[in-house]
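> give me coordinates for this.
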Amino acid sequence: MVNNCLRRGLQALLDACFPQVCLLCGLYSGQPLPLCGECQAALPRNSRCCRRCALPLPGGPGTADPNLLCGNCLQQPPPWDSCTAPLCYDPQVALLLSRWKYAPDPRLGHLMTQLWLRLGPRELPPVDLVLPVPLHWTRWLRRGFNQAEQLAAGLQGQHPALAGARLDPARVSRRRAPAQASLDADARARNLRGAFTIRRPCANLRVAIVDDVLTTGTTAARLARCLQEAGAARMHIWCLARTPTPPART
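Here you go, the predicted model:
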């Protein structure tokens, strides 16, 4: 109780001396996060989506159904059990994620964790291991941190459902650093062959794979299959945002 009071008092002092500025609108945020309440409320919620891959599905938020599956997951289920992504990927979310990945600002990792905790589910499937998608060492040297590891550490340390789960970023390494951003799903899959190495057995473990955004799902699928081969029993994908289906060309 005393520690909580001291923490709140210190935070209030910091906010008074160094007020946070919203990263999206540039105004003072009015809270201990670099995002104001109005901009946070305007972020697109992924409230109606496929429970297996979190793909946003047609329909209003009032029609959310936890058992919905998209056509792709009905025909070819991915090698994981569920996916949670509280936000839909749009230009505002893209700006936040870009600043997070390429700007060494510790506020951004804290902001992303708080967004997931505020917008994500309170109940999570039971997991034994929280595993961030690893970066290749050359990218880690250029960037100085792994954004997926920041999010995984924040969730494991603050979400009440993860009190007994272990964070183990060293369990898997990335042997290749392929550029994925400009590739389609097939090219991404080819590019990721042999990309991951599991360093320790995962027999019967329930694993949460954490990343910033799920696009085509090929990176998560490659890592999930490697974990299956290492003995993992169940796997869940947790990320901040999910890209929608691209509009049909006319």
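
> what about residue 150, distance to residue 216?
23 Å (CB to CB, to the nearest Å). The C-beta positions use only the backbone N, C-alpha and C, and glycine is treated the same way.

> same question, residue 77
Taken as CB to CB, the span from residue 77 to residue 216 is 15 Å.

> name the SS class of residue 241, please.
Here residue 241 is recorded as strand under DSSP: H, G, I helix; E, B strand; the rest coil.

> over to residue 238?
strand.

> for it, give me its contacts.
Contacts here follow CB atoms under 8 Å, 6 or more residues apart in numbering; on that basis residue 238 touches 83, 84, 85, 116, 120, 155, 208, 209, 210, 211.

> between residue 150 and residue 216, who's got more neighbours?
Per other CB atoms under 10 Å, whichever of residue 150 and residue 216 has more neighbours is residue 150, with 20 against 17.

> just to be sure, the more buried one is in a strand?
No: counting by three-state DSSP, residue 150 is not found in a strand; it is helix.

> which pLDDT value goes with it?
Looking at residue 150, its pLDDT is 94.

> from residue 164, how far out is it?
21 Å.

> with residue 216 instead?
Distance from residue 216 to residue 164, by CB to CB: 32 Å.

> could you do residue 222 as well?
28 Å.

> more neighbours, those two?
Set residue 222 next to residue 164 and count neighbours by other CB under 10 Å: residue 222 wins out with 20 against 8.

> sec struct for the more buried one, please.
Assignment for residue 222 (three-state DSSP): helix.

> could you do residue 118 as well?
helix.

> can you tell me the element the residue lying closest to it once chain neighbours are set aside falls in?
Leaving aside its chain neighbours, residue 118 sits nearest to residue 40 (7.9 Å; criterion: CB to CB, 6 or more residues apart in numbering). Using DSSP states H and E, residue 40 falls within helix 37-42.

> what of residue 113?
helix 106-119.

> go on, residue 156?
Short version: residue 156 belongs to helix 147-158, going by DSSP H and E.

> packing partners of that helix?
helix 106-119, strand 129-132, strand 166-167, strand 206-214 (3 or more CB pairs under 8 Å, 6 or more residues apart in numbering; DSSP states H and E).

> list of residues touching it?
With CB under 8 Å, 6+ apart as the test, helix 147-158 has contacts from 100-101, 109-110, 112-114, 116-117, 130-135, 162, 165-167, 169, 208, 210-212, 238, 240.

> who are the neighbours in contact with residue 105?
residue 99.

> give me the distance between it and residue 223.
Taking CB to CB, one finds residue 105 at 27 Å from residue 223.

> ok so, going back, how much space between the residue nearest to residue 118 and residue 75?
36 Å.

> which one of these two has more residues nearby?
residue 40 (18 against 8).

> which residues of this protein fall in strands?
Counting by DSSP state E, the chain has strands at residues 82-84, 87-88, 129-132, 166-167, 172-174, 196-198, 206-214, 234-242.

> give me the angle between the last one and helix 147-158.
So the one you mean is strand 234-242. Orientation check (axes from the mean of the first three to the mean of the last three CA atoms, to 10 degrees): strand 234-242 against helix 147-158 gives 110 degrees.

> how about low-confidence regions in this protein?
Applying pLDDT under 70 to the chain picks out residues 1-18, 60-64, 176-194, 246-250.

> circling back: just the buried residues out of the contacts of helix 147-158, in ChimeraX syntax.
Listed next is the ChimeraX selection for buried residues among these, using 16 or more other CB atoms under 10 Å:
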select :100,109,110,112,113,114,116,130,131,132,133,134,135,162,165,167,169,208,210,211,212,238,240
